[in-house]
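[1] What would the 3D arrangement of this be:
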Amino acid sequence: MRWTVRSAVLMVASLLAVACTSIPRPSGSQSASPAFAASEGCEQLSRHQYEICYAYIVNDSLLARVPFYQLSRRPTLRQLVLTRLESRYYGQARHFLVDQTKGWPRDVDVSVPSIRIVGPVRVSANLATATITTTESWLVRAEPGPGSPSGRVLFAEANARHTIWLDRTPTILCLLGHCLHKWVVVRIR
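    Next comes the predicted model:
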């Protein structure tokens, strides 16, 4: 249990550091690119583009998908991380991730993913749906067993290009007839 609490504290601290700093865009002269980068399309505020990019990178990927990969096979934490995943991924996207982790062992090591939003952020005229294109690198390994230096790879992507569809859904936080909303992932291709 001590390892799980320590991991959770480190994960939250890392996520706060990512969320509270600006996300640099790589330039042609840089040799190393950041783990999280956004296209110029994410800099727009008028049609929720910035909000959509932040929701996908931080809320959907780092705060829902990574913990689900890491902890969903632990009996004491399964419901907690599954509930979080279900609040951020709907329909096809949720089924895709749940099916992906079937058969994974209990203990896995999830490297911090590299997610880059590329190109424009497309938002529907009624601000109800959005589409983004990403390049993502993920690495999930089984924790090494006794006598084995590294675990087997369970899931790996290297700069894989994805199209992500998101829906804008209201939350239960309402005041004077106005409800807050969130962007949830409904489809991954």
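[2] Hmm, E136 and P113 touching each other?
    Yes - contact criterion CB atoms under 8 Å: P113 and E136 qualify, at 6.1 Å. In this view, the C-beta of every residue, glycine as well, is placed from N, C-alpha and C.
[3] For the chain, which element, helix or strand, carries the lowest mean pLDDT?
    Lowest by mean pLDDT, DSSP states H and E among the helices and strands of the chain is helix 2-19, with a mean of 46.
[4] just the helices in the chain please.
    Applying DSSP state H to the chain gives helices spanning 2-19, 49-54, 66-71, 78-88, 91-101.
[5] what's near enough to touch the closest residue to R106 other than its chain neighbours?
    Spatial nearest neighbour of R106, excluding adjacent residues (CB to CB, 6 or more residues apart in numbering): R73 at 4.6 Å. Contacts here follow CB atoms under 8 Å, 6 or more residues apart in numbering; on that basis R73 touches T101, W104, P105, R106, V108.
[6] Let me know the pLDDT of the first one.
    Right, T101. Per-residue confidence at T101 stands at 94 (pLDDT).
[7] Format the CA atom coordinates belonging to stretch 77-92 as CSV.
    Taking C-alpha atoms only, stretch 77-92 is exported to CSV below (Å, rounded to 0.1, in the frame of the first residue of the first chain):
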residue,chain,number,x,y,z
LEU,A,77,-8.5,1.0,-6.5
ARG,A,78,-10.3,-0.4,-9.5
GLN,A,79,-13.7,1.3,-8.9
LEU,A,80,-12.1,4.7,-8.3
VAL,A,81,-10.0,4.7,-11.5
LEU,A,82,-12.8,3.2,-13.5
THR,A,83,-15.2,5.9,-12.3
ARG,A,84,-12.7,8.6,-13.3
LEU,A,85,-12.2,7.0,-16.7
GLU,A,86,-16.0,6.7,-17.3
SER,A,87,-16.4,10.4,-16.5
ARG,A,88,-13.9,11.4,-19.2
TYR,A,89,-14.3,8.7,-21.9
TYR,A,90,-17.7,7.7,-23.3
GLY,A,91,-18.9,5.1,-25.8
GLN,A,92,-16.4,3.8,-28.3
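[8] Provide the contact partners of that stretch at residue level.
    With contact meaning CB under 8 Å, 6+ apart, stretch 77-92 is reached by 4, 59-60, 63-65, 67-68, 70-72, 94, 97-98, 167, 169, 182, 184-188.
[9] In contact with the residue nearest to the spatial centre of the chain: list those residues for me.
    Geometric centre of the chain, nearest residue: S61, 0.5 Å, by CA atoms, centre = their mean. By CB under 8 Å, 6+ apart, the contact set of S61 is P113, I115.
[10] Next one: it from Y54, what distance?
    Going from S61 to Y54 by CB to CB, to the nearest Å gives 11 Å.
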